[in-house]
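Asks: here's my sequence, what's the structure:
(2 chains)
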2 protein chains.
Amino acid sequence: MESLTQPPPVFAFSRRIRKTPYEKRVMEQAPKSMTIYNSTPLMTVFRSPQEDYEHLCEHVQIWDVSCERQAEIAGDDALRLVELITPRDISKCKIGQCMYAPLVDENGGIVNDPVLLRLGKQRFWLSTADSDVLLWVKGIAYGIGYYTSIQDPDVSPLAIQGPRADDLMADLLGEEIRQLPFFRFVRESLAGTSFYISRSGWSGQGGFEIYLEEYRKGLDLWDCIWEAGQKYNIRAGCPNSIDRVERGLLSYGNDMTLNENPYECGLDRFISEDKKAECMSSVALKEIRDRGITHKLVYLLIQGEPLTTPREACTVNDESGVARGCLTSIAHSIRFGGNIAFATVETQFSIPGQRLFIEMGSDKLLKATVMSKLKE
Amino acid sequence: MESLTQPPPVFAFSRRIRKTPYEKRVMEQAPKSMTIYNSTPLMTVFRSPQEDYEHLCEHVQIWDVSCERQAEIAGDDALRLVELITPRDISKCKIGQCMYAPLVDENGGIVNDPVLLRLGKQRFWLSTADSDVLLWVKGIAYGIGYYTSIQDPDVSPLAIQGPRADDLMADLLGEEIRQLPFFRFVRESLAGTSFYISRSGWSGQGGFEIYLEEYRKGLDLWDCIWEAGQKYNIRAGCPNSIDRVERGLLSYGNDMTLNENPYECGLDRFISEDKKAECMSSVALKEIRDRGITHKLVYLLIQGEPLTTPREACTVNDESGVARGCLTSIAHSIRFGGNIAFATVETQFSIPGQRLFIEMGSDKLLKATVMSKLKE
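Replies: You can find the predicted model right below:
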């Protein structure tokens, strides 16, 4: 915010903002900052981005990610409907498997980038990023006349992230949980409630996500994990800006929107060009492939003092001062020796080594370099 | 929040939360609290709910309501599509007219309750409450194959509310603006930008809404109105909880959701039973009419100390302690001599004069009485 001479406004909660089953425990851990994601509170910092990051990379954290709302699609046409809304080939997804499945509209625009869970032959959960997938899918199903039931089930995900997540969950659920492959899920129970648990999560440090279905068991579940986690130095945490940018995890609404297509965002590998099922984005995506993209999401290394997330997209200029794109997310990474960021730039300026200049604030110009994918 | 021994988390802004064109000026006025509405900041209190209320009832306020996002529906099938999604008869809506048009799905559930603006024969804006109408409408139009263009235009509404709104806008736009009837709009210009201005707004005190289309002119527009408003004691403001509950203005997400139907929420008069155009909710709404509703939204007067908005729906009990519904919004009204609230209760407990008991907090029971509509 521009004006910081007075204290910033506090967040006013109301019924319109969903209360999570873990909220009481989260607040007891005195988070420093929060946001709203799918009409649900999501913490963003507990101690500092750097302190939270260091702890996440070394120990284990418990994250209230109830904001990952599930859109449940079930019924005779469930698979047809899911195939229609994502360019990824879902026929290959087994029951018990997760798939990262960008949802793309008839113009090639990205609607959301959920993790899809296949619960049954004709039953799916879309674990959504921050946009109202439920209403979009309801609209499509109504319009076509598909035989499906589309619901917003009362599911509140809890993530256990960090290198000690396996030790902690093995103590609680038994040693077999260590064998759960990445993006697979099983049914387990704890604290008197049974749930799906997947090896997944929005960090680069590994771990699990528990999909709590019995809201009233939330505090018991949290307490049970919290207590067992004491020997592993567990802390309350949340998706960490440094970790996610270092690992190249895109944030829907920040790094990609309905105005971007998956090719521009480097999501090519999630588009099954030979997909057999009907897909609403296939014509648009083929056109985009044929004519080539004009913009591309790149990683940048930016010189200078540590920077924080910009309030809005900052302009990215070439050496002549001509605007060539905009910066979308930023974090200060000690590991990479500077500020690292995502930016959308014209394709001819997206080659690793390209020098660019970021307009930050009124008249500050920061030097930046396009990097090859950070996580490689 | 339960735990208030440490300062509450501050709100972390990012690109995912839209920056409004007026944000700089709003923040200069040091608002006390805020919320997020349609992924956009909306202030909730500037001084105190009571101080803001008293000023609103006597003077004029300028409100940043950029969060009222417009879903634009245009093209050959625009009217057909709009008729499909609302039970209200839109054929009667003239160009230059606004209509409050609840959007209702095929099950009778309320998706949103926008104000519709008819800009042309086949061009509409839906000025939306807090749910993603754009994606829902896009889904329906794609599914059916309607010939429409559905966009999220860059429109940032600014409301001028309060008894001196007419004097202020007459000074700026000329005396004719006083003649603009309720829920009509015209094209005007100010501060070098032209816009639609309607006689409307989410208060009971009257006023206007300006639909700014040139984002970059936001501060000029604000400053121009602010300066002219000095003689009318203008202040920055926002939708006020006391005013809205006193006037019976429902809040989508608080008082009604996808789980409620328009009959339960007392929106009967916006359902055109004899509507000729095809409407996706007509079968479901006829069924609901035929079998009768089980729950109804009522106004309550609650005894005791001033209460504030509950974090979640509080249970409403009958005299025997049996749960009969839930309380959804609350405000302390000096005018009505107590706390006034909206609650959804079983229909047999919805008759004015009915005594009820509100479960507030752990073991506090508050006496309440069902009232006839407060604004009558």
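Asks: on the three-state scheme, the residue of chain A at minimum distance from chain B is what?
Replies: Per Cβ to the nearest Cβ, A:Gly143 is where chain A lies closest to chain B, at 1.8 Å. Every C-beta, even on glycine, is put in place using the N, C-alpha and C of the backbone. Following DSSP: H, G, I helix; E, B strand; the rest coil, the label given to A:Gly143 is helix.
Asks: I'd say it and B:Thr148 touch.
Replies: No. If you go by Cβ atoms under 8 Å, A:Gly143 and B:Thr148 don't touch, sitting 11.7 Å apart.
Asks: what do those two both touch?
Replies: Residues touching both A:Gly143 and B:Thr148 (Cβ atoms under 8 Å, 6 or more residues apart in numbering or on different chains): B:Ala141.
Asks: which one of those two has more residues nearby?
Replies: B:Thr148 (25 against 19; other Cβ atoms under 10 Å in any protein chain shown).
Asks: quick one: residues contacting that one.
Replies: Contacts of B:Thr148 by Cβ under 8 Å, 6+ apart are B:73-78, B:81, B:141.
Asks: looking at it now. What's its pLDDT?
Replies: At B:Thr148, the predicted lDDT confidence score is 96.
Asks: for the stretch 251-376 of chain A, which residues are neighbours of chain B?
Replies: Those residues of the stretch 251-376 of chain A that sit near chain B, judged by Cβ under 8 Å from any Cβ of the partner chain, are A:251-254, A:258, A:280, A:309-313, A:328-329.
Asks: and these, which of them are in strands?
Replies: Counting by DSSP state E, the part of these found in strands is A:328-329.
Asks: now the residues of the stretch 251-376 of chain A next to chain B in a markdown table, with distance to B:Lys24?
Replies: Shown next, in a markdown table, are these (distance: Cβ to Cβ, whole Å):
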| residue | distance to B:Lys24 |
| --- | --- |
| A:Ser251 | 25 |
| A:Tyr252 | 27 |
| A:Gly253 | 22 |
| A:Asn254 | 21 |
| A:Leu258 | 26 |
| A:Met280 | 40 |
| A:Thr309 | 18 |
| A:Pro310 | 15 |
| A:Arg311 | 10 |
| A:Glu312 | 12 |
| A:Ala313 | 17 |
| A:Thr328 | 21 |
| A:Ser329 | 22 |
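Asks: of the residues of the stretch 251-376 of chain A next to chain B, which is the most crowded?
Replies: A:Thr328 (27 neighbours).
Asks: so which of the contacts of B:Thr148 comes closest to chain A?
Replies: Using Cβ to the nearest Cβ, the contacts of B:Thr148 come closest to chain A at B:Ala141, 7.1 Å.
Asks: check contacts around the closest one.
Replies: A:139, A:143, B:77, B:81, B:148, B:150.
Asks: any idea how many residues pack against A:Leu356?
Replies: Around A:Leu356 there are 23 residues (other Cβ under 10 Å).
Asks: can I get the contacts of B:Ala141 in JSON lines with distance to B:Asp363?
Replies: Compiled in JSON lines, the contacts of B:Ala141 are given as follows (distance: Cβ to Cβ, whole Å):
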{"residue": "A:Gly139", "distance to B:Asp363": "44"}
{"residue": "A:Gly143", "distance to B:Asp363": "49"}
{"residue": "B:Asp77", "distance to B:Asp363": "56"}
{"residue": "B:Leu81", "distance to B:Asp363": "51"}
{"residue": "B:Thr148", "distance to B:Asp363": "54"}
{"residue": "B:Ile150", "distance to B:Asp363": "50"}
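Asks: quick one: which two of those are the most distant?
Replies: Spatial extent of these (Cβ to Cβ) is set by the pair A:Gly139 and B:Asp77 at 14.6 Å.
Asks: tell me where the stretch 151-300 of chain A has strands.
Replies: Secondary structure of the stretch 151-300 of chain A, counting by DSSP state E, counting those that start in this stretch: strands at A:156-161, A:185-190, A:193-199, A:207-212, A:235-237, A:295-302.
Asks: B:Arg118: which of the residues of the stretch 251-376 of chain A next to chain B is nearest?
Replies: Looking across those and measuring by Cβ to Cβ, the closest to B:Arg118 is A:Leu258, at 25.2 Å.
Asks: who's in contact with that closest one?
Replies: Per Cβ under 8 Å, 6+ apart, neighbours of A:Leu258: A:105, A:109-111, A:131, B:152.
Asks: narrow the residues you listed to those in strands?
Replies: Going by DSSP E, the strands hold A:110-111 from the contacts of A:Leu258.
Asks: and of the contacts of A:Leu258, the nearest to A:Ala343?
Replies: Nearest member of the contacts of A:Leu258 to A:Ala343, counting by Cβ to Cβ, is A:Ile110, at 16.8 Å.
Asks: mind listing what that closest one touches?
Replies: A:Ile110 touches A:102-104, A:252, A:256-258, A:260-262, A:265, A:267, counting by Cβ under 8 Å, 6+ apart.
Asks: what's the closest non-adjacent residue to it?
Replies: A:Met256 (5.1 Å; Cβ to Cβ, 6 or more residues apart in numbering or on different chains).
Asks: make sure the one you found is actually in contact with A:Lys296.
Replies: No. A:Met256 is beyond contact range of A:Lys296, at 11.7 Å (criterion: Cβ under 8 Å).
Asks: more neighbours: those two, which one.
Replies: Comparing A:Met256 with A:Lys296 by neighbour count (other Cβ under 10 Å), the higher total belongs to A:Met256, at 26 against 20.
Asks: per-residue pLDDT, that one?
Replies: At A:Met256, pLDDT is 95.
Asks: one more: A:Glu227?
Replies: At A:Glu227, the pLDDT recorded in the model is 98.
Asks: just list the residues touching it, thanks.
Replies: Contacts of A:Glu227 by Cβ under 8 Å, 6+ apart: none found.
Asks: list the backbone torsions phi and psi for A:Gly145.
Replies: Main-chain dihedrals, A:Gly145, degrees, to the nearest 10: phi 90, psi 30.
Asks: neighbours around it, how many?
Replies: 10.
Asks: where does chain A dip in pLDDT?
Replies: A:1-5, A:362, A:373-376 (pLDDT under 70).
Asks: ok, A:His295 touching A:Gln348?
Replies: No. Between A:His295 and A:Gln348 there is no contact, the gap being 10.2 Å when judged by Cβ under 8 Å.
Asks: and these two? which has more neighbours close in?
Replies: A:His295 (21 against 11).
Asks: would A:Glu51 count as being in a strand?
Replies: No. Going by three-state DSSP, the assignment for A:Glu51 is helix, not a strand.
Asks: neighbours of it, how many?
Replies: So A:Glu51, with other Cβ under 10 Å, has 13 neighbours.
Asks: contacts for the helix or strand containing A:Phe342, please.
Replies: Using DSSP states H and E, A:Phe342 sits in strand A:338-346. Applying Cβ under 8 Å, 6+ apart, the contact partners of strand A:338-346 are A:245-246, A:250, A:254-255, A:260, A:264, A:294-304, A:306-307, A:316, A:324-333, A:356, A:358, A:366, A:368, A:370-371, A:374.
Asks: and for stretch A:323-332?
Replies: By Cβ under 8 Å, 6+ apart, the residues outside stretch A:323-332 that reach it are A:49-50, A:241-242, A:244-246, A:251, A:254-255, A:295, A:297, A:300, A:302, A:306-310, A:313-318, A:338-346, A:349, A:356, A:358, B:14-15.
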